[in-house]
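following is a predicted model, sequence given first.
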Amino acid sequence: MAPRERNLLFATLAVALLAGTWAFLAPQRAEWKDYRDRRDDLDDRLAKAERMLGQQADVESRLAEFRKGVPVFAEGKRAEAELLPEVDRMASRHGLALVRRSASDKEREAGDLYETTLTCEWEGTLDALVHFLYDQQSQGVVSDIRQLRIQPQSGAKLGTLKGGFEMDCAYRREAAGGGEEAAE
């Protein structure tokens, strides 16, 4: 065998060996890629968790500030008894007439926060409605209007609107020991 043929034979065997190795390791390459993707995902989750831990003091101070703005009612007392007249006063202050108002019998609990739904039917002008909604929104986290219905009135009350809204109000309950400090 001539040296040229021998070199071609070695080159062909080397290429065949590399191709065989490449084909044999293809499943392992896919598995390595999966491991690399999972590791990158875990690294991202770890970085996110570390960022969250770094922000813990800020979040706790914002939560404490939030809790200061949430009204506190005595355990067993219906919060709606104070919430409905407050909504009525706010509406009257802006010239919005609450024709009918009611409160949900169910009190939703989320940790030490509670929430109830107030349903009101109203009549008034667009200006009165806008001012009422602005005032309600400026209360921050205490209440949130979930559904608002508006329609024009006809007949003698032409130019006025009527409708209804459902407002979710958040509050806390006073601990059995009495006082806000016992709840915290």
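Received, thanks.

tell me the mean pLDDT over the lengthiest helix in the chain?
Secondary structure of the chain per DSSP state H: the longest helix is helix 26-54. Helix 26-54 carries an average pLDDT of 92.

likewise for stretch 125-133?
Rounded mean pLDDT across stretch 125-133 is 92.

show me the contact partners of it.
90-91, 94-96, 122, 124, 145, 148, 150, 159-161 (CB atoms under 8 Å, 6 or more residues apart in numbering). Glycine gets a C-beta too; all of them are placed from N, C-alpha and C.

cool, stretch 98-111 as well?
With CB under 8 Å, 6+ apart as the test, stretch 98-111 has contacts from 78-80, 83-84, 87-88, 91-92, 114-123, 162.

tell me which of these fall in strands.
114-123, 162 (DSSP state E).

make JSON lines from the residues you listed and add distance to Val70 and neighbour count to it.
Conversion of the ones in strands among the contacts of stretch 98-111 to JSON lines gives the following (distance: CB to CB, whole Å; neighbours: other CB atoms under 10 Å):
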{"residue": "Tyr114", "distance to Val70": "9", "neighbour count": "17"}
{"residue": "Glu115", "distance to Val70": "10", "neighbour count": "17"}
{"residue": "Thr116", "distance to Val70": "13", "neighbour count": "19"}
{"residue": "Thr117", "distance to Val70": "16", "neighbour count": "18"}
{"residue": "Leu118", "distance to Val70": "16", "neighbour count": "22"}
{"residue": "Thr119", "distance to Val70": "21", "neighbour count": "14"}
{"residue": "Cys120", "distance to Val70": "21", "neighbour count": "21"}
{"residue": "Glu121", "distance to Val70": "27", "neighbour count": "15"}
{"residue": "Trp122", "distance to Val70": "25", "neighbour count": "22"}
{"residue": "Glu123", "distance to Val70": "30", "neighbour count": "16"}
{"residue": "Lys162", "distance to Val70": "31", "neighbour count": "17"}
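
so Leu148 sits in a strand?
Yes. Assigned with DSSP: H, G, I helix; E, B strand; the rest coil, Leu148 falls within a strand.

which residue is the nearest non-sequential neighbour of it?
For Leu148, ignoring the flanking residues on the chain, the nearest one in space by CB to CB, 6 or more residues apart in numbering is Phe165 at 4.7 Å.

host element of the one you found?
strand 161-173 (DSSP states H and E).

okay, now the unreliable bits of the chain?
For the chain, residues meeting the criterion pLDDT under 70 lie at 140-141, 176-184.

how does it divide up, domain by domain?
3-54, 68-183 (automatic domain parsing).

residues near Phe19, how many?
Just to correct that, residue 19 is Ala rather than Phe. 10 (other CB atoms under 10 Å).

mind checking how far it is from Ala11?
13 Å (CB to CB, to the nearest Å).
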